[in-house]
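>>> prediction below, plus the sequence it came from.
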Amino acid sequence: MRAPQCFVILLLSLSNIDDNCFCLGENVTVQSSDHSGSQVVNGSGSVSETQHATCQITTEELVASAQATVTRVLTGACIGEAVDKRLQNLENLFRIGVDEINQKLDILLRSSSSRLQSLGETGRLDVDPRQAEVDRLNNTIGQIFTPEGTIRAFTHFLRVEHFDDKISQWGSRGYLRSPTIQVGPGGYAMYLKVTPRDVQGDKVFVSVGAGLTRGEYDASLTWPFALKYRVEILDHSVQGFRQDLSGATFDPLNYRHYASLWKRPIATLGNDDNIALVNIKVPANIFLEGVNRWSDYSSSPRTSNRKYLWQGSLLIKLTVYL
């Protein structure tokens, strides 16, 4: 019996690989009774793929079956595309990470550049040793450790520029009022009053006081004001040599004879401030003398820094105990 043309074409087709068995001719039935495959990755990174197929062919003249095994090595598209995709994903993640780091560095550099000027002629940094403290605590509420225990407190710093000039040139009645200080969210409104030349007899003092002023949240607050507070003039020496000038901790409940100072402020003749109670009074010569010889940052010919003045500025700290 002569072999049909379909059988020959089938074998040729299987040898060229395809998952489908096909042939040409009339009245031909093709059945795929088995189809399986496997992959093996060799040492070079390529993939060997093996396909197994069994076909049965039935015609009026012939019943036959054929099996074929085809192996092919994949070195390009199948592996390359997957690897390229993963590498691309890693590259994108790396780029995002680098961008975030650059943004954070840029913020830090801009923040630092606002405080650091340059290295002076003597090789010392022209930056106030207390600046880091100001940046960290200004207008914040935090925990403070005291002999009585840990308490919450609000901290505010006021820097008065060119204070050395004000001590020597201002009149005895001249004073500075700070911008209004909001003691925490929804808190009392306060202010600091600084008098560079508080003349008493033949002596000149520097006076610093704190007071209440009208605020946005006065209607919802408890009156009279009853929070303890303290005012300090800060020493610019390096840590370990500092002697801050600290006023007494004022407790309004202990100063009842100043009852009017703690009442809710009411505008009088356009003035929203209660009278400021003096908290510190220091002889002026302390600021003009007493060069800070203990600090690596002190008294270069260019800056003339002193113990309580940094490049001519005075730094005041207000602490309100909540």
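The structure has been received and is ready for your questions.
>>> so where's the protein shaky on pLDDT?
Along the chain, segments meeting pLDDT under 70 span 1-80, 106-125, 289-305.
>>> go again with 50.
Applying pLDDT under 50 to the chain flags the ranges 1-35, 40, 114-124, 290-303.
>>> ranges for the helices of it?
Residue ranges of the helices in the chain, as given by DSSP state H, are 5-15, 77-113, 131-137, 163-169, 259-262, 285-288.
>>> do a quick rundown of the strands in this protein.
29-41, 47-58, 63-74, 140-146, 149-160, 176-177, 181-182, 189-200, 203-212, 229-233, 245-246, 277-283, 314-321 (DSSP state E).
>>> what's next to the last one, contact-wise?
I take that to be strand 314-321. With contact meaning CB atoms under 8 Å, 6 or more residues apart in numbering, strand 314-321 is reached by 128, 130, 134, 144, 151-160, 163, 181, 183, 188, 190, 192, 194, 206, 208, 210, 227-234, 236, 244, 249, 287, 308. For the C-beta atoms, the positions are set from N, CA and C on the backbone; glycine is no exception.
>>> could you check the angle that strand makes with strand 277-283?
Angular relation of strand 314-321 and strand 277-283 on a 0 to 180 degree scale: 140 degrees, by axes from the mean of the first three to the mean of the last three CA atoms, to 10 degrees.
>>> run the angle between strand 314-321 and strand 229-233 for me.
Interaxial angle, strand 314-321 versus strand 229-233 (the same axes, to 10 degrees): 160 degrees.
>>> dump the C-alpha coordinates for strand 314-321 into PDB.
C-alpha atoms of strand 314-321 as PDB (Å, rounded to 0.1, in the frame of the first residue of the first chain):
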ATOM      1  CA  LEU A 314      21.500  89.500  72.100                       C
ATOM      2  CA  LEU A 315      19.700  86.200  72.300                       C
ATOM      3  CA  ILE A 316      16.800  85.900  74.800                       C
ATOM      4  CA  LYS A 317      14.900  82.700  75.700                       C
ATOM      5  CA  LEU A 318      11.300  82.600  77.000                       C
ATOM      6  CA  THR A 319      10.100  79.400  78.600                       C
ATOM      7  CA  VAL A 320       6.400  79.000  79.600                       C
ATOM      8  CA  TYR A 321       5.500  76.000  81.700                       C
END
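>>> Asp218 against Ala189, yeah?
Yes. Contact criterion CB atoms under 8 Å: Asp218 and Ala189 qualify, at 7.4 Å.
>>> overlap in contacts of those two?
Common contacts of Asp218 and Ala189 (CB under 8 Å, 6+ apart): Pro265.
>>> more crowded one of the two?
Between Asp218 and Ala189, counted using other CB atoms under 10 Å, the more crowded position is Ala189 (20 against 15).
>>> okay, and the beta partners of the more buried one?
In this structure, Ala189 bridges to Gln182 when assessed by DSSP bridges.
>>> quick one: it and Arg214 touch, right?
Yes. Using CB under 8 Å, Ala189 makes contact with Arg214 at a distance of 6.4 Å.
>>> can you list residues touching both of those two?
Pro265.
>>> before we move on, the earlier item: please pick the buried ones from the contacts of strand 314-321.
For the contacts of strand 314-321, a burial check counting by 16 or more other CB atoms under 10 Å picks out 128, 130, 134, 153-160, 163, 181, 183, 188, 190, 192, 194, 206, 208, 210, 227-234, 236, 287, 308.
>>> which residue packs closest to Arg152, ignoring adjacent ones?
Leu322 (4.5 Å; CB to CB, 6 or more residues apart in numbering).
>>> tally of neighbours for that neighbour?
Residues lying near Leu322 (other CB under 10 Å) number 13.
>>> so what's it up against?
141, 151-154, 183-184, 227.
>>> go through those residues and name the one nearest Ala267.
Taking CB to CB as the measure, Ala267 lies nearest Val183 of the contacts of Leu322, at 19.7 Å.
>>> how near is the closest one to Arg306?
31 Å (CB to CB, to the nearest Å).
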